[in-house]
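Asks: Quick one, what's the 3D model for this:
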Amino acid sequence: MSTPATPGWWVAGVSGLLCLWGCAHQPIRPNAESSRAALSLYMRGLMFERTSHLDEALDAYRQALEHDYQAPSLNVRLGATHVKLGQPEQALKYFNRALAIEPDHRDALRWVAMLQTSQGRLAEAIHAYERLLEQDPTDRFILSTLADLYVLDGRIEPAIALYQRLVREYGPSHQLHFNLGVLYGRLGDFSWAIAELSRALELMPDSIETRLALGLTYELNQQPEEALAHYEDAARLDPLNPRLYLHAARAAISQQRFADAVRYYQTALDLDPSELETIVGLVRLWMLRHEFEQAHRLLGQKLATLARATELYLLLGMLYQEVGAPVEAVRAFERAVAASRETSAQAQFYLGAQLERLGRKADARSRLRKALALDPNYADALNYLGYLDAEDGVNLREAKAMIERAVALDPENGAYLDSLGWVYFKLGDVQEAVTYLERAAQALATDPAVFDHLGDVYFTQGEVARAQGAWRKALELDASLEDIKRKLESSMSREATAVSSP
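Replies: Now for the predicted structure:
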């Protein structure tokens, strides 16, 4: 998508625009206030400006302004010269003076619009370009630039309207349809996005950028087969681009075409052996397929050759977790911490979580607090430490505050909602506990721990039938949970005893 001019563009390219915007205008309006001296000084300033004697040009324009201070074009020339000198703030003062004299002065407005854009002042730039568009509703440059600025300002629908207007008034182009496709995608209107991007591809069939955008949009629209076709076409056009094979691998996994995904990952790795995303993707895929030996071999090779030890040791620890080797997982996470020189919040978190699984709760809490010291908004660490304290019934107010922060960072995360419901239960606020645990059960419909918690809360409320239903659901998900079996059997035994009692 095209973008507005940058500050560097101004320094390098401004001289070519100076005569385009203002040089042809006589600065001294033909009225009684105009003077031969002012006109002579203006012409002298132009000569100095065109021969790059900019300080002399400024001096001549200032003298001319003393003779005709009401001439907006003199202020424009002073501003333009300051732009050439790399002095945007001084330039803006003169352009604004010109606009104070003549609010619709076109050259002054153009300069203000462009300078505000180059300074990143989007609201002011947009306002100036909107005024220019009112003066000339068909100016292609203004329409296009204003559309780009709307995009930068997050105003997607007005940008779409301007791009559509450009298509109507100036005809279709690859870039306009591409821009429209991307913007419709940002609005979540994937059918329109696909239609616009397909039109862009018709106009430029060899555009890798458009094929990639179409692939991503088809993925978002839950059409992985179409996405993969575009990624494969893009890779044929640019066979040495490893990123295209990464996208293709992801789309292949969505279709459970695992052998194809492995092939794409390996091609990407051949092209860029150090790309961490490729290594992670391939290792995770092998773990998904329980091909642990392959994953372990690749990690061993990369640890011997790459400097990205922290990330690779983290991945190795996760692999050991998957194969049921908790002690080896701890060692891998410890190496990740050491490789990062104790500065990786993620490494501290994974080590803490693994230590907790081994029953080393004091060490786990220490590592989790170190993770939060490194990253106070690490939501997983906030939730894990809060839940750990809630389970043990300690520091409950602090635990609740930490879990609430995690929920604020990710409001729909089922694990966080479960933790918040559980800490409310521990604090004795059963009704709030039910509210959050029921939301958690909707978000985590395959997690037996959530239904176990929900059963406990229902039982405390005296809703035995609902408690039993929640516990049965937990056992459907994992029949090996003996504690839940005992709770269910105990509740049923009490019911039977109550019914048989006189």
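Asks: what helix or strand is L212 on?
Replies: Using DSSP states H and E, the element containing L212 is helix 208-220.
Asks: A379 reaches L409, doesn't it?
Replies: Yes: the pair A379 and L409 qualifies as a contact (C-beta atoms under 8 Å) at a distance of 4.3 Å. For every residue, glycine as well, the C-beta is placed using N, CA and C.
Asks: Those two: which is more packed in?
Replies: Between A379 and L409, counted using other C-beta atoms under 10 Å, the more crowded position is A379 (19 against 15).
Asks: who touches the more buried one in this structure?
Replies: Neighbouring residues of A379 by C-beta atoms under 8 Å, 6 or more residues apart in numbering: 405-406, 409-410, 413, 416.
Asks: how close does the residue positioned nearest the centre of the chain get to G154?
Replies: When the chain is reduced to its mean C-alpha position, the closest residue under C-alpha atoms, centre = their mean turns out to be R186, at 11.5 Å. Separation of R186 from G154 (C-beta to C-beta, to the nearest Å): 9 Å.
Asks: re earlier: of the contacts of A379, which is the nearest to A125?
Replies: Of all these, the one with the least separation from A125 (C-beta to C-beta) is L409, at 33.2 Å.
Asks: which residues touch the closest one?
Replies: L409 is in contact with 377, 379, 382, counting by C-beta under 8 Å, 6+ apart.
Asks: go on, G317?
Replies: Applying C-beta under 8 Å, 6+ apart, the residues contacting G317 are 329-330, 332-333, 336, 350, 354.
Asks: which SS state does G188 fall under?
Replies: With DSSP: H, G, I helix; E, B strand; the rest coil as the basis, the three-state label of G188 is coil.
Asks: Just the pLDDT for it.
Replies: G188 is assigned a predicted lDDT (pLDDT) of 95.
Asks: burial of it, as a residue count?
Replies: Every residue meeting other C-beta under 10 Å relative to G188 is counted, giving 10.
Asks: Now do the phi/psi pair for it.
Replies: Backbone geometry at G188, expressed as degrees, to the nearest 10, gives phi 80, psi 10.
Asks: what's the distance between it and A443?
Replies: G188 is 21 Å from A443, where distance means C-beta to C-beta.
Asks: Equivalent analysis for M287, please.
Replies: When C-beta to C-beta is the yardstick, M287 and A443 sit 24 Å from each other.
Asks: Between these two, which is the more surrounded one?
Replies: Legend: neighbour count by other C-beta under 10 Å for M287 and A443, higher for M287 (19 against 15).
Asks: which ones among the contacts of L409 are found in strands?
Replies: With strands identified by DSSP state E, none of the entries of those belong to them.
Asks: With distance to A251 and pLDDT added, can I get those in CSV?
Replies: CSV is the format used below for the contacts of L409 (distance: C-beta to C-beta, whole Å; pLDDT from 0 to 100):
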residue, distance to A251, pLDDT
N377, 32, 97
A379, 29, 97
L382, 34, 98
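Asks: okay if I get the residues you listed as CSV plus distance to K84?
Replies: Below are the contacts of L409 laid out as CSV (distance: C-beta to C-beta, whole Å):
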residue, distance to K84
N377, 46
A379, 50
L382, 54
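Asks: Among those residues, which one sits closest to K400?
Replies: Where the contacts of L409 are concerned, and distances follow C-beta to C-beta, K400 has its nearest neighbour in L382, at 11.1 Å.
Asks: That closest one contacts K400, correct?
Replies: No: taking contacts as C-beta under 8 Å, L382 lies outside contact range of K400: 11.1 Å.
Asks: Now do the shared contacts for these two.
Replies: For the pair L382 and K400, no residue contacts each of them under the criterion C-beta under 8 Å, 6+ apart.
Asks: higher neighbour count, these two?
Replies: The residue with more neighbours, out of L382 and K400, is L382; 27 against 20, by other C-beta under 10 Å.
Asks: Can you identify each of the helices in the stretch 1-150 of the chain by residue range?
Replies: In the stretch 1-150 of the chain, helices defined by DSSP state H, counting those that start in this stretch lie at 7-13, 15-18, 36-50, 54-67, 72-84, 88-101, 106-118, 122-135, 140-152, listed in chain order.
Asks: just the helices in the stretch 401-502 of the chain please.
Replies: Remark: helices of the stretch 401-502 of the chain, listed N- to C-terminal, are 414-426, 430-443, 448-460, 464-477, 482-500; assignment by DSSP H, counting those that start in this stretch.
Asks: so which of the ones you listed comes closest to L166?
Replies: Smallest distance to L166 across the helices of the stretch 401-502 of the chain (C-beta to C-beta): 43.4 Å, for helix 430-443.
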